[in-house]
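Student: when you get a sec, could you give me coordinates for this:
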Amino acid sequence: MESRAKFEVPTWNKICNMLVNQANKIRQSGFEPDVIVGITRGGWIPARVLSDLLEIPDLATVRVEFYLGVAETRNEPVLTQGVPAVVTGKKALIVDDVADTGKSLQLAREHVLQQGATEVRIATVYRKPWSAIKPDYYETETSCWIVFPWETKETIKKIVEKHGNKNVINREITNLVKAGLSKQLSRRLLKEVFEEKDC
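Tutor: Below you'll find the predicted structure:
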């Protein structure tokens, strides 16, 4: 079965520029968070970059598991690691890479509020038009399946696992390359995935 996902493959530079824009929007809004809470795993890197740009050293994480594969999710997200930092009495900025269904963000926000945060706002790099939640800050809206630089191998591995047929796999990888993934990198990672599979 062939995937119907259309891909968007932002570069590291594009993501960095988007986060610089976002940091400016957060400052201009007057919101001054005491702590940044990144949703793992997708929100780790954007949270760390925003921590640097906004000069907020307090950085915490929550783990929410939702995705199963490319454009595949569980019915409901599951919180598997609560926020380890003390957020009681603090203003928190929750950061993730994308607001897709919005369910992970809702769960994280509820959790951080239950831990005693006085105010919680949400920032994502991307937002899907069907997301149940509209982040307070986001940079771009897209309907595409976004392949972030930090999850390229994972995406290729999930494509290989989903499609046993090499022709379909090659078509999907070709679509990734057309969307902006380096052909050389895609070949290298695909080779790695197949070598691991054969072990």
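
Student: could you identify the helix or strand that succeeds the one helix or strand in the chain whose mean pLDDT sits lowest?
Tutor: The weakest-scoring helix or strand in the chain, judged by mean pLDDT, DSSP states H and E, is strand 72-81 (a mean of 64). The helix or strand immediately downstream of strand 72-81 is strand 91-99, counting by DSSP states H and E.

Student: what bridges to residue 40?
Tutor: Per DSSP bridges, the residues bridged to residue 40 are residue 63.

Student: can you report how many residues lie near it?
Tutor: 15 (other CB atoms under 10 Å). C-betas here are computed from N, CA, C, even on glycine.

Student: same deal with the one 4 residues further on?
Tutor: Residues near residue 44, counting by other CB under 10 Å, number 17.

Student: residue 35 too?
Tutor: 21.

Student: again, but for residue 178
Tutor: With other CB under 10 Å as criterion, residue 178 counts 12.

Student: kindly report the same for residue 25.
Tutor: 14.

Student: ok, residue 146 next?
Tutor: For residue 146, using other CB under 10 Å, the count is 21.

Student: likewise for residue 84?
Tutor: Using other CB under 10 Å: residue 84 sits among 10 other residues.

Student: dump the residue contacts of it.
Tutor: 60, 61 (CB atoms under 8 Å, 6 or more residues apart in numbering).
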